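1. Predicted model and sequence follow; I will ask about them next.
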Amino acid sequence: MSGLFLSFEGIDGAGKSTHIEALAQALRARGRTVVLTREPGGTPLAEKLRALALNDPMDPLTEALLMFAARRDHLQQVIEPALARGDVVLCDRFTDATFAYQGGGRGFDLDVLATLERWVQSVPATPLRQPDVTVWFDLPAAVAAQRLAGARVPDRFESQPQAFFERVAGGYAARAKADPGRFLRVAADQPRDQVWQDVEEGLRKRGVL
Ligand SMILES: Nc1ncnc2c1ncn2[C@@H]1O[C@H](COP(=O)(O)OP(=O)(O)OP(=O)(O)O)[C@@H](O)[C@H]1O
Ligand SMILES: Cc1cn([C@H]2C[C@H](O)[C@@H](COP(=O)(O)O)O2)c(=O)[nH]c1=O
């Protein structure tokens, strides 16, 4: 079986975590070996970089570089070996998050991000590793804010104002528009069961389930 790389995207509180585990179970029931992972993170080094990026004050270039440094280690140590074995990789966020948060949210230069993307995602198997499918949980920032209100101690991103998340959502919309074949948009402002049905149906149409 050939490897499959799925990423999950959306603003904080969009509902990714709620559905990733169910999808992992559905894939395992079909005989696939599943690697569940996340960004930033997924390796001991990348988890250290995650803790810095989510908690320590820094300028936008430092933040973008940390995201890509963590991604490079994650690709080398976890994602590429898993895909080479024929596993399914379910990754909670990948590079679209960098374009949405650092590009859309912080206003960082998209051309610089595109250059870093090419450098970091060039691996022996392919000149530009991208997910095969990106499930994008599209949720209005105001709804996400209500869902997360008081839920946990907010990190550097979660404590941003609603306007920041509106720009992040715009960043995701731009990425989806640029690569519509890869993106599976799911309207996340629906009851959980309906969101799950839409995820299942979309992935069935793409031959993943
Ligand atoms: N369809 C839904 N309707 C109402 N609440 C939901 C729905 N889906 C998830 N939630 C709730 O919203 C909150 C955020 O969901 P979840 O943790 O899955 O989001 P997330 O995208 O993984 O967020 P983050 O990126 O910040 O970790 C949780 O309390 C969850 O129970
Ligand atoms: C990969 C990536 C992530 N972020 C931000 C987005 C979230 O606020 C946090 C991760 O937290 P989560 O609860 O695991 O979703 O990091 C980012 O700004 N840029 C990125 O490339």
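-> Cool, the structure landed. Note that this is a predicted model, so its numbers are computed, not measured. Ligands and ions are numbered 1, 2, ... in the order given.
2. Just list the residues touching the spatially most central residue of the chain, thanks.
-> For the chain, the residue whose C-alpha lies nearest the mean C-alpha position (C-alpha atoms, centre = their mean) is Arg93; its distance is 1.5 Å. Arg93 makes contacts with Ser7, Phe8, Glu9, Lys16, Arg38, Glu39, Pro40, as judged by C-beta atoms under 8 Å, 6 or more residues apart in numbering. Where you see a C-beta, it was placed from the backbone N, CA and C, and this is true even at glycine.
3. redo that, cut-off 6 Å
-> If you count contacts by C-beta atoms under 6 Å, 6 or more residues apart in numbering, Arg93 has them with Glu39.
4. Can you pull out the low-pLDDT segments for this protein?
-> Within the chain, no stretch has pLDDT under 70.
5. returning to that earlier point: how close does the residue nearest to the centre of the chain sit to Pro191?
-> Arg93 is 24 Å from Pro191, where distance means C-beta to C-beta, to the nearest Å.
6. ok, now Gln77?
-> For Gln77, the distance to Pro191 (C-beta to C-beta) stands at 38 Å.
7. try Asp138
-> Relative to Pro191, Asp138 is positioned 15 Å away (C-beta to C-beta).
8. With neighbour numbers in mind, choose between the two.
-> More neighbours surround Asp138 than the other of Asp138 and Pro191, with 18 against 8 (other C-beta atoms under 10 Å).
9. Do a quick rundown of the strands in the protein.
-> Using DSSP state E, the strands found in the chain span residues 4-9, 34-38, 88-92, 133-138, 183-187.
10. Residue numbers of the protein in contact with ligand 1?
-> The chain comes close to ligand 1 at residues 10, 12-18, 147, 151, 191-192, 195, as judged by C-beta under 6 Å from any ligand atom.
11. rerun that using 8 Å as the cut-off
-> 8, 10-20, 92-93, 137, 144, 147-148, 151, 158, 188-192, 194-195 (C-beta under 8 Å from any ligand atom).
12. Emit the ChimeraX select command for whichever of those are buried.
-> ChimeraX command restricting those to the buried ones, with burial defined by 16 or more other C-beta atoms under 10 Å:
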select :8,10,11,12,13,14,15,16,19,20,92,93,137,144,148,158,188,189,195
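13. What about the residues of the chain next to ligand 1, which are in helices?
-> Within those, residues falling in helices by DSSP state H are Lys16, Ser17, Thr18, His19, Ile20, Ala144, Arg147, Leu148, Arg192, Gln194, Val195.
14. out of these, what pair is the most spread apart?
-> The most widely separated members of these are Leu148 and Gln194, with 20.3 Å between them, by C-beta to C-beta.
15. Up against ligand 2, what does the protein have?
-> 12, 16-17, 38-41, 50, 53-54, 63-64, 67-68, 70-71, 92-95, 97-98, 100-102, 105, 155-158.
16. Go again with 5 Å.
-> Residues of the chain lying near ligand 2 by C-beta under 5 Å from any ligand atom: Asp12, Glu39, Met67, Arg93, Ala97, Thr98, Tyr101, Phe157.
17. and those residues, which are buried?
-> Listed as buried from the residues of the chain next to ligand 2 are Asp12, Glu39, Met67, Arg93, Ala97, Thr98, Tyr101, Phe157; burial here means 16+ other C-beta under 10 Å.
18. Please report how far the residue nearest to the centre of the chain lies from Pro124.
-> Separation of Arg93 from Pro124 (C-beta to C-beta): 24 Å.
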